[in-house]
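[1] sequence-free structure coming up:
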């Protein structure tokens, strides 16, 4: 189920079953809860195959003279049985050389071939080819195997020991090991534990290797780097790609707003407050765009560039002129004007008359009622409308409850939110109670 964890378990199991001295040493050290030494031993061995001692207790140990191994294409005699124990191979190797530097050496079995050098060179033992990369990974896997066992343990004391082991492990400067460690924690669903690690290397790994915006955002949020968290989510929301849905973009903008609010609570900065206002406005516009998408689906409409509407963040002008207006979504047109704080009485009046006319697209028995309805439509996109609802007459008055519902619902969203001019009370009162009701 967890690829990285399974691989660690397999490699560690192979090492033990083949009498690997490293795996055996690690097991003994784990039996006495000496987790720091497990890491030092494994990373010290890994340093022979391209790993690093930096950050371990062995870094300044004068008795560990492995530095020369990196400067030559040599191999230590004991390295042959380090992972896949084979005493015959080691005896043959010792018999064939009196120094630690040699060229290709043949052992009795055809499968046993030693090739000189460490980096990207192969050691074949007992029919299994082991490169320096494999050897290094085996060292890392021993650490990860025992770490996973502790972090998954049922007892709190064992889990705390695992946390201690993790602290020691993250102090390593072995970049390859750290990448293996971070990947292991992700693949084993130790996400919360991973995010608690405060390390520039983890941050770099999340950005450059993992490239998971959500995980990076969670890391910044946990460590209260709110501006960085907001930037990550805002960049994802603004990505110019149709592979991100509008809902995902809205979620990203919401997270960016929340992070910016947290930032402004701690630091009173005019720049942050301005940025918060800008992102909040963009979020409001994106939510209006989502309402247009919902209306398109509910009413089976076919706007042009529907893919853009459903995947990209569009500006208010495009939403108004290319979608809400042409599709007859006049209430949303009013919400766009409110969001932009654009005071345009003529346009607002036209929109409200359009809303009422759309609901009153019906026949009238009297010429007076017909004239009132015609005047209401004049100057609106519905002025040339020919099709009327013949199943309902204006004089029946059934439209009153529907009009009331529309006005009340729309008014609640418009009035008292800093743009009251989008809800013109005098116009609505004079139209509804004056002209329309008096005509009944």
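    Arrived safely. Here the structure is a predicted model, which means the values were calculated and not measured.
[2] Tell me which residues of stretch 246-261 come out buried.
    246, 249-257, 259-260 (16 or more other CB atoms under 10 Å). Where C-beta positions appear, they are placed from N, C-alpha and C, glycine not excepted.
[3] repeat for stretch 34-46
    Buried-residue list, stretch 34-46, by 16+ other CB under 10 Å: 35-46.
[4] got it, and stretch 396-405?
    Judged by neighbour count (16+ other CB under 10 Å), stretch 396-405 contains these buried residues: 399, 403.
[5] just use 40 as the starting number from now, easier for me
    That works, and once the first residue is 40, the last one we named lands at stretch 435-444.
[6] Could you give the separation of it from the chain centroid?
    When C-alpha coordinates are averaged (CA atoms, centre = their mean, to the nearest Å), stretch 435-444 and its chain have centres 47 Å apart.
[7] now swap in stretch 414-431 and tell me
    A distance of 49 Å separates the centroid of the chain from that of stretch 414-431, by CA atoms, centre = their mean.
[8] end to end, how far does it reach?
    19 Å (CA to CA, to the nearest Å).
[9] that older thread, can you lay out the buried residues of stretch 285-300 as a markdown table showing secondary structure, distance to residue 186 and pLDDT?
    As requested, the buried residues of stretch 285-300 are exported to a markdown table (DSSP: H, G, I helix; E, B strand; the rest coil; distance: CB to CB, whole Å; pLDDT from 0 to 100):
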| residue | secondary structure | distance to residue 186 | pLDDT |
| --- | --- | --- | --- |
| 285 | helix | 41 | 96 |
| 288 | helix | 37 | 97 |
| 289 | helix | 38 | 97 |
| 290 | helix | 33 | 97 |
| 291 | helix | 33 | 97 |
| 292 | helix | 38 | 97 |
| 293 | helix | 35 | 97 |
| 294 | helix | 31 | 97 |
| 295 | helix | 34 | 97 |
| 296 | helix | 37 | 97 |
| 298 | helix | 31 | 95 |
| 299 | helix | 36 | 94 |
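[10] Go through these and name the one nearest residue 353.
    Checking those against residue 353 by CB to CB gives residue 285 as the nearest, at 9.3 Å.
[11] give the contact list for that closest one.
    Taking CB atoms under 8 Å, 6 or more residues apart in numbering as the contact definition, residue 285 lies against 325, 328-329, 332, 348-352.
[12] Can you give me the domain assignment for the protein?
    42-202, 367-478 (automatic domain parsing).
[13] And residue 291, how far from residue 283?
    From residue 291 across to residue 283, the span is 8 Å (CB to CB, to the nearest Å).
[14] if I look at the two, which residues touch both of them?
    When contacts are counted by CB under 8 Å, 6+ apart, the set common to residue 291 and residue 283 consists of residue 275.
[15] C-terminal to the one helix or strand residue 452 maps to, what's the next element?
    Secondary structure from DSSP states H and E places residue 452 in helix 438-453. Later in the chain than helix 438-453, the nearest helix or strand by DSSP H and E is helix 464-468.
[16] now stretch 315-325, how far from the centre of its chain.
    Using CA atoms, centre = their mean, the mean C-alpha position of stretch 315-325 is found 20 Å from that of the whole chain.
[17] And the most centrally placed residue in the chain, how close does it get to residue 298?
    The residue lying closest to the centre of the chain (CA atoms, centre = their mean) is residue 253, at 2.1 Å. Going from residue 253 to residue 298 by CB to CB gives 13 Å.
[18] Can you tell me the number of residues neighbouring residue 70?
    With neighbours defined by other CB atoms under 10 Å, the count for residue 70 comes to 8.
[19] pLDDT wise, what is residue 116 at?
    We have a pLDDT of 50 for residue 116.
[20] actually residue 163, not the one I typed
    pLDDT, residue 163: 31.
[21] ok so, going back, let's have the contacts of residue 285 in a markdown table, adding distance to residue 269, neighbour count and pLDDT.
    Rendered in a markdown table, the data for the contacts of residue 285 read as follows (distance: CB to CB, whole Å; neighbours: other CB atoms under 10 Å; pLDDT from 0 to 100):
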| residue | distance to residue 269 | neighbour count | pLDDT |
| --- | --- | --- | --- |
| 325 | 15 | 21 | 97 |
| 328 | 21 | 26 | 97 |
| 329 | 21 | 16 | 97 |
| 332 | 25 | 19 | 96 |
| 348 | 26 | 20 | 94 |
| 349 | 25 | 18 | 94 |
| 350 | 22 | 18 | 93 |
| 351 | 21 | 18 | 94 |
| 352 | 16 | 21 | 95 |
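[22] how near is the nearest residue to residue 326 once chain neighbours are set aside to residue 197?
    Take residue 326 and drop its neighbours on the chain: the residue closest to it by CB to CB, 6 or more residues apart in numbering is residue 289, 6.5 Å away. Counting by CB to CB, the separation of residue 289 from residue 197 is 43 Å.
[23] Then residue 381?
    Taking CB to CB as the measure, residue 381 and residue 197 are separated by 63 Å.
[24] and if you look at residue 311?
    If you measure residue 311 against residue 197 using CB to CB, the figure is 44 Å.
[25] more neighbours, the two?
    Neighbours of residue 311 and residue 197, each counted by other CB under 10 Å, are more numerous for residue 311; the result is 19 against 14.
[26] what about that one, which helix or strand?
    helix 309-337.
[27] Tell me the helix or strand right after that helix.
    Using DSSP H and E, the helix or strand that directly follows helix 309-337 along the chain is helix 345-350.
[28] what about the strands in the protein?
    Here the chain has its strands, by DSSP state E, at 144-145, 152-153, 161-164, 167-170, 401-402, 428-432.
[29] Based on its surroundings, how many neighbours for residue 384?
    With neighbours defined by other CB under 10 Å, the count for residue 384 comes to 11.
[30] One more: residue 208?
    Around residue 208 there are 25 other residues, counting by other CB under 10 Å.
[31] for it, what are its contacts?
    Contacts of residue 208 were listed using CB under 8 Å, 6+ apart, and they are 78, 182, 186, 216, 220.
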